[in-house]
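**Student:** sequence plus the predicted model coming up.
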There are 2 protein chains.
Amino acid sequence: MRKKEKITIHDIALEIGVTASTVSRALNNHPRISETTKKMVLDAAKAINYKPNRIAAALRHGKSKLIGIIVPTINRNFFSSIVRGIEEHANALDYKVMISQSYDDYNKEVETIEALLDARVDGIMVSLGKNTHTFEHFEAVLQKGIPLVFFDRTTDELKANQVIINDYLSAYQATTHLIEQGYRHIAHFTSHMKIRIYQERLRGYEQALIDNGINFDPRLVVESNMQLDGGQKSTLQLLDNNLGFDAIFSASDYAIVGALQELKRINVKIPQEVGLVGFSNEPFTAFTEPTLSTVDQKAIDMGQSAAALFFEMINADQRNKPKVKKVLDANLIIRDSSRRL
Amino acid sequence: MRKKEKITIHDIALEIGVTASTVSRALNNHPRISETTKKMVLDAAKAINYKPNRIAAALRHGKSKLIGIIVPTINRNFFSSIVRGIEEHANALDYKVMISQSYDDYNKEVETIEALLDARVDGIMVSLGKNTHTFEHFEAVLQKGIPLVFFDRTTDELKANQVIINDYLSAYQATTHLIEQGYRHIAHFTSHMKIRIYQERLRGYEQALIDNGINFDPRLVVESNMQLDGGQKSTLQLLDNNLGFDAIFSASDYAIVGALQELKRINVKIPQEVGLVGFSNEPFTAFTEPTLSTVDQKAIDMGQSAAALFFEMINADQRNKPKVKKVLDANLIIRDSSRRL
DNA sequence: TATATTAGCGCAATCGATTGCATTTGCTGG
DNA sequence: CCAGCAAATGCAATCGATTGCGCTAATATA
C-alpha cells in the first residue's frame, strides 16, 4: 500500500472538475454551493481520504483551535481533574488543549505565557502560581483580545474572567462543622496571604468562629508552604506554643496529612482529642487512618465551567466586555477525622 | 499604547531595507547572511517586538513543533508525572505538548489518534488504554513516518519504540522481599492478561516463588479492575476461598489499598499477619496506616526517557529504523505494610 | 587584465486553505 | 425577446515564513 503524499483540496478539485475554492466552500457548507456539488465534494473527499490541514486554515484565518492551559503542576489530582474537565468540553467542540506547568515559578509562568502566545493559541486558561504577585505578563494577552480565564488561583487585579469555588463559604462550613462537633480551639493552616484562596478561606474560618461566639486567636493561624512537611512543621509549632488547640482546619489536604502524622506520632487521638479537616479532596484523604474530612472542589465541574466560559468569549471581541466571575459551590465531605459525636 | 497589528518579517525587512528572504535567513542564522545584516535584523526584530508566527512556519516546512501525548487519564499521579517529564524535556527544545486522554476507552483512543494527526503533531507518545488489544489505529501513524513512542502500557505487536520499566524484575524483587520477610503464601492481584505490564509482573512474581522453592498456586492469583473496589473484591474472594494467604503483591496501588481496607475491617494485623506490597508509588501509599510498600516507577524519568527517545527519532526517517525498547529500572520502596522482621 | 569563485542578497514560488470580487449560466418578468 | 437578477462557481490574492535559483559585486586565480 503506497503512501499517498499530502492530499489537499486541490486533489479533490481535480477529481471532480471544480476549483479549490468550490471545494473549500463545499467543505465548509457555504450556502452558495449547490447541494449536488457539496455531495460530490464530500464523497470525493472520503474516497481519497482527505484530511484538512488545520495549520493552513489556522494561518489563513488566524484561529489555531488550540487552547493553552497553565497550572502550577499537573501532578496533583485537583489540577489534573480540572484539566480533564476542560479537555472534555474543548474536544467536543473540536478544540485541542495544550498544557503547560509553571511549577509555581513566576519566571516559568511568564515564559509559558509567551510560549503559548507564540504558538498562537486562541485562548488561555490559568491557575496562578504561588509566587505570582504581579500580572504584567497577562496584560499582553488581554491587549491582544485573547480570551483569558483564570480558575481557582485567580486574581482580582486584572480585568479577566474567573471561575472559582466559594472558598469563603466552604471554609465557613468546614469550621462550623468542627464547632458543631464540639471543638472550640480550632487552628487554621494557611499560606501566602497574597493568594486569594487563602485569604478567603481564612476569612470564612474567622467569620465562623465569630458567628459562633468563639474568640479568634491569631496565634492559631499558621502559615506554611501547604505541603506535607509544611503541615508537620505547623503542627509542631502549634504544639510548641502550647496553645491547647483541639482541631485544625487546613486550607490544604497535604498539610493536614502532615498534621495527622505528627499528631499520631505523639499518640493524640483523632478525632477524639483533635479534629481535622482539610481542603481539596485529594484521593489520599480517603485512605488515611482515620479518613480525612475535606472540601471537595468539584474540579471537573470547574474545568467544564472554565471551558464553557471560554467558549462564551471565543467569538466576541474581548476588549470591552464586562468580566464575569463564576462562583461554584464546593462540598464539605465529612469523614472520620472530624466526627466525634 | 496602541496595539500594533501583526508584525511580520516584512515589517523588519521594510525597517532595515532588505527583503523578507534575508530577514528569514538572518533569523534562522543562515550562513550566507553577513554578520552585520544578522545583527541589524535581530536588533530591528527586538525593537519592533517581532514574534515569529510558528503556524506559518509550520505550514511551510510541515513541522508543527507539537507533540501529542495520549494517556488513559491524566488524573493519576503516575501518568501526570510522566507527562511532566516529557514536558520538561520538550519545552527545553522548543516543542509544545498536547495532552489527550483515552479514559481507557478504545474508541476514544482511536479518535484521539486521528485528532492528533489532524493537528499535524510531529510525534505521538502513548500509553495504551486497558481495552486496547488491536492496533490498526497506530499503523497510520507509523506509515506516515511520524515518530511514535509507547511508554509503560506498551505492546510488542507494533514495530514502535517503547519505554518501560523492568516490570518482571520489579515484581520479582517485590515478591522476593515478601519471602525474605517470612511470608510463604503470597497472593497476587493482577488485571487483563492481554496487557504487557500485568503479564510481566505475574511472571516476576511466579519466578520469585519458584526460585525460592515455593509452590506457585494459581488460585492465589486474582484478576480485577485494579481499582480500589477491585482490590476489595479480590481480597474478599481470597478470604472466601479460604486459601490461607499471608501476603499480597498487587500490580496496582489502588487495589492494595482496597485490600488493606478489607483486611483492617476484619482486624487482620498488617504486616504481622498479612504483608502487602503495591505497585506505582502513588502518593497515598505513604499516607495509609500502615504505610504501603510499593514499587516506584520513576515516572518523571520515564517521561524524560520517552522524550529523549522521541528527539532521537525526530530528524530521521522512521520507516526503516530498528525499533528500540528502553527498559528503566524501578525501585522497590519498603514501608511498614511488609516489614515484620 | 580577464576569468573563475564566492559571499550576500533578492525574486518568486510554495505550503494548503480561505475569501472578496468577478464571471458565467439560468431563469424571471415585462 | 431582452434586461435584470440570483445562483453557482472561478480567479487570484492572502495568511507569514521558507527556500531553490539566480543575480550582482567583490575577491581570488591565472
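**Tutor:** Here it is on my side, so go on.
**Student:** shouldn't A:Leu260 be within a helix?
**Tutor:** Yes: counting by DSSP: H, G, I helix; E, B strand; the rest coil, A:Leu260 is found in a helix.
**Student:** if I look at it, how far off is A:Val222?
**Tutor:** 15 Å (Cβ to Cβ, to the nearest Å). Glycine gets a C-beta too; all of them are placed from N, C-alpha and C.
**Student:** and for A:Phe311?
**Tutor:** Taken as Cβ to Cβ, the span from A:Phe311 to A:Val222 is 41 Å.
**Student:** please identify which of those two sits among more neighbours.
**Tutor:** Set A:Phe311 next to A:Val222 and count neighbours by other Cβ atoms under 10 Å in any protein chain shown: A:Val222 wins out with 24 against 17.
**Student:** helix, strand or coil for the more buried one?
**Tutor:** Quick answer, by three-state DSSP: A:Val222 is strand.
**Student:** can you name the helix or strand that the residue lying closest to it once chain neighbours are set aside falls in?
**Tutor:** In space, and not counting its chain neighbours, A:Val222 is closest to A:Ser234: 4.1 Å by Cβ to Cβ, 6 or more residues apart in numbering or on different chains. Assigning secondary structure by DSSP states H and E places A:Ser234 in helix A:228-240.
**Student:** elements contacting that helix?
**Tutor:** Packing partners of helix A:228-240 (3 or more Cβ pairs under 8 Å, 6 or more residues apart in numbering or on different chains; DSSP states H and E): strand A:186-190, strand A:221-223, strand A:247-250, helix A:253-265.
**Student:** tell me the residues of the stretch 101-250 of chain A that contact chain B?
**Tutor:** Contacts of the stretch 101-250 of chain A with chain B, taken as Cβ under 8 Å from any Cβ of the partner chain, map to A:101, A:115, A:117-120, A:143-144.
**Student:** what's the closest of these to DNA strand D?
**Tutor:** Closest approach to DNA strand D among those (Cβ to the nearest atom of the strand): A:Arg120, at 9.3 Å.
**Student:** so how far is A:Leu148 from whichever residue of the stretch 151-300 of chain A sits closest to DNA strand D?
**Tutor:** Nearest residue of the stretch 151-300 of chain A to DNA strand D (Cβ to the nearest atom of the strand) works out as A:Ala160 at 24.9 Å. A:Ala160 sits 5 Å away from A:Leu148, going by Cβ to Cβ.
**Student:** what of A:Glu109?
**Tutor:** Applying Cβ to Cβ to A:Glu109 and A:Leu148 gives a distance of 13 Å.
**Student:** now do the strands in the stretch 201-341 of chain A.
**Tutor:** Remark: strands assigned in the stretch 201-341 of chain A by DSSP state E, counting those that start in this stretch are A:221-223, A:247-250, A:275-277, A:294-296, A:325-328, A:331-333.
**Student:** can you give me the strands for the stretch 1-150 of chain A?
**Tutor:** Going by DSSP E, counting those that start in this stretch, the stretch 1-150 of chain A shows strands at A:66-71, A:96-101, A:123-126, A:148-151.
**Student:** mind putting these in a markdown table, distance to A:Lys6, mean pLDDT and mean neighbour count included?
**Tutor:** Shown next, in a markdown table, are these (distance: least, Cβ to Cβ, whole Å; pLDDT from 0 to 100; neighbours: other Cβ atoms under 10 Å in any protein chain shown):
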| stretch | distance to A:Lys6 | mean pLDDT | mean neighbour count |
| --- | --- | --- | --- |
| strand A:66-71 | 22 | 94 | 26 |
| strand A:96-101 | 21 | 88 | 24 |
| strand A:123-126 | 29 | 96 | 26 |
| strand A:148-151 | 36 | 96 | 27 |
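**Student:** out of the ones you listed, flag the one nearest B:Gly303.
**Tutor:** Proximity to B:Gly303 (Cβ to Cβ) singles out strand A:96-101 among these, at 11.9 Å.
**Student:** so that closest one versus strand B:96-101, what angle?
**Tutor:** Between strand A:96-101 and strand B:96-101, the angle comes out at 110 degrees (axes from the mean of the first three to the mean of the last three Cα atoms, to 10 degrees).
**Student:** other SSEs contacting strand A:96-101?
**Tutor:** With contacts defined as 3+ Cβ pairs under 8 Å, 6+ apart, strand A:96-101 has these neighbours: strand A:66-71, helix A:77-92, helix A:106-118, helix B:77-92, strand B:96-101.
**Student:** give the contact list for the residue of the stretch 151-300 of chain A closest to DNA strand D.
**Tutor:** Counting by Cβ atoms under 8 Å, 6 or more residues apart in numbering or on different chains, A:Ala160 touches A:138, A:142, A:148-150, A:323.
**Student:** do that again at 6 Å, thanks
**Tutor:** Residues near A:Ala160 by Cβ atoms under 6 Å, 6 or more residues apart in numbering or on different chains: A:148, A:150, A:323.
**Student:** ok, so of those, who is nearest B:Pro52?
**Tutor:** Among these, and counting by Cβ to Cβ, the member closest to B:Pro52 is A:Leu148, at 22.1 Å.
**Student:** my read: that closest one touches A:Val141, true?
**Tutor:** Yes: counting by Cβ atoms under 6 Å, A:Leu148 does reach A:Val141; the two are 5.1 Å apart.
**Student:** touching both of the two, which residues are there?
**Tutor:** Contacts common to A:Leu148 and A:Val141, judged by Cβ under 6 Å, 6+ apart, are A:Ile124.
**Student:** one step back: any idea how far the residue of the stretch 151-300 of chain A closest to DNA strand D is from DNA strand C?
**Tutor:** 28 Å (Cβ to the nearest atom of the strand, to the nearest Å).
**Student:** just A:Lys51 next, same as before
**Tutor:** Distance, A:Lys51 to DNA strand C, using Cβ to the nearest atom of the strand: 7 Å.
**Student:** which segments of chain A make up each domain?
**Tutor:** Residue ranges for the domains of chain A, per automatic domain parsing: A:9-52, A:61-164+A:299-329, A:167-297+A:332-338.
**Student:** worst average pLDDT in those domains?
**Tutor:** Among the domains of chain A, domain A:61-164+A:299-329 carries the lowest mean pLDDT, at a mean of 91.
**Student:** thinking again about what came up before, deepest in the core, which of the helices and strands packed on strand A:96-101 is it.
**Tutor:** Stretch with highest mean neighbour count among the helices and strands packed on strand A:96-101: strand A:66-71 (a mean of 26; mean count of other Cβ atoms under 10 Å in any protein chain shown).
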